[in-house]
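[1] My questions are about this predicted structure, shown below with the sequence.
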Amino acid sequence: DAKTTQPPSMDCAEGRAANLPCNHSTISGNEYVYWYRQIHSQGPQYIIHGLKNNETNEMASLIITEDRKSSTLILPHATLRDTAVYYCIPISSGSARQLTFGSGTQLTVLP
Amino acid sequence: ETGVTQTPRHLVMGMTNKKSLKCEQHLGHNAMYWYKQSAKKPLELMFVYNFKEQTENNSVPSRFSPECPNSSHLFLHLHTLQPEDSALYLCASSLDHRSSSYNEQFFGPGTRLTVL
């Protein structure tokens, strides 16, 4: 599995965009980049995933660099409820894969 | 109810007690998972069931005993636990663990377990 590097913590002002980076320089060609988040004392929640194209859904946007060695999760208008630990997880297709959570980024949205 | 539910939400037990955690999913999924999350540690996968059959056991001590009577229900039976087993126990489900493409996992709220 590809290793990931995420900053341990970030702050963001409420209403502003939160940009969470992830480095996955050893990602292989068949590995998707998945993002989950975990609000304190709750179960993790799926956010978005992508392979090489940028993706957007109702929760967030995912920007993946052309060389696929890094990606950025964007929460366009962060709210206090977005305060959580955000995990970037490479997962390969074509076989059964289990989630392997690293340390993630603690995002704190400030009022 | 929808999604993945877990009961109880909080549990305090002594080391000699026997208790069970329950998970139920209403998503029509066929795979269910138990994870453990200790304080300040990443989630650790414990068990995986796919179509009621256990497909993975990540070297979990025998004092944790899973049971999956059907695709919608998953139990974790606990006996003679240690204080270091205190953690948040999370249940998750997905469509099919052995699908050729990864299926997102949907998590329950967890059971906060304290072993005295």
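    Right, received. Where do you want to start? Residues are numbered from 1 along each chain as shown, chains lettered A, B, ... in the order given.

[2] Please, where are all the strands along chain A?
    Taking DSSP state E as the criterion, chain A contains strands spanning A:9-13, A:18-23, A:31-38, A:45-50, A:55-56, A:61-64, A:70-75, A:84-92, A:105-110.

[3] can those strands go into TSV with extra columns for distance to chain B?
    The C-beta positions use only the backbone N, C-alpha and C, and glycine is treated the same way. Output for those, formatted as TSV (distance: least, CB to the nearest CB, whole Å):
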stretch	distance to chain B
strand A:9-13	13
strand A:18-23	15
strand A:31-38	7
strand A:45-50	4
strand A:55-56	13
strand A:61-64	14
strand A:70-75	15
strand A:84-92	5
strand A:105-110	11
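
[4] what about A:I89, distance to A:T72?
    For A:I89, the distance to A:T72 (CB to CB, to the nearest Å) stands at 15 Å.

[5] In terms of packing, which of the two has more residues around it?
    A:I89 (24 against 15; other CB atoms under 10 Å in any protein chain shown).

[6] show me the contacts for the nearest residue to the more buried one once chain neighbours are set aside.
    Of all residues not flanking A:I89 in the chain, A:Y34 sits nearest, at 4.6 Å (CB to CB, 6 or more residues apart in numbering or on different chains). When contacts are counted by CB atoms under 8 Å, 6 or more residues apart in numbering or on different chains, A:Y34 touches A:Y46, A:I48, A:H49, A:C88, A:I89, A:P90, A:I91, A:L99, B:Y102, B:E104.

[7] so the fifth one touches A:W35, yeah?
    Yes. Assessed by CB atoms under 8 Å, A:I89 is found in contact with A:W35 at 7.4 Å.

[8] In contact with the residue in chain A that chain B sits nearest to, which residues are there?
    As assessed by CB to the nearest CB, chain B sits closest to A:G43 within chain A, at 2.9 Å. Residues near A:G43 by CB under 8 Å, 6+ apart: B:V4, B:L90, B:C91, B:A92, B:F107, B:G108, B:P109, B:G110.

[9] Pick out the residue nearest the middle of chain B.
    Centroid check for chain B by CA atoms, centre = their mean gives B:W34 as the closest residue, at 2.7 Å.

[10] measure that residue to A:P21 for me?
    B:W34 is 31 Å from A:P21, by CB to CB.

[11] What sits closest to the residue in chain B positioned nearest to chain A if chain neighbours are left out?
    For chain B and chain A, the shortest gap (CB to the nearest CB) falls at B:F107, measuring 2.9 Å. Once flanking residues are discounted, B:F107 sits nearest to A:G43: 2.9 Å by CB to CB, 6+ apart.

[12] Where does pLDDT dip in chain A?
    Under the criterion pLDDT under 70, the flagged ranges of chain A are A:1, A:93-98.
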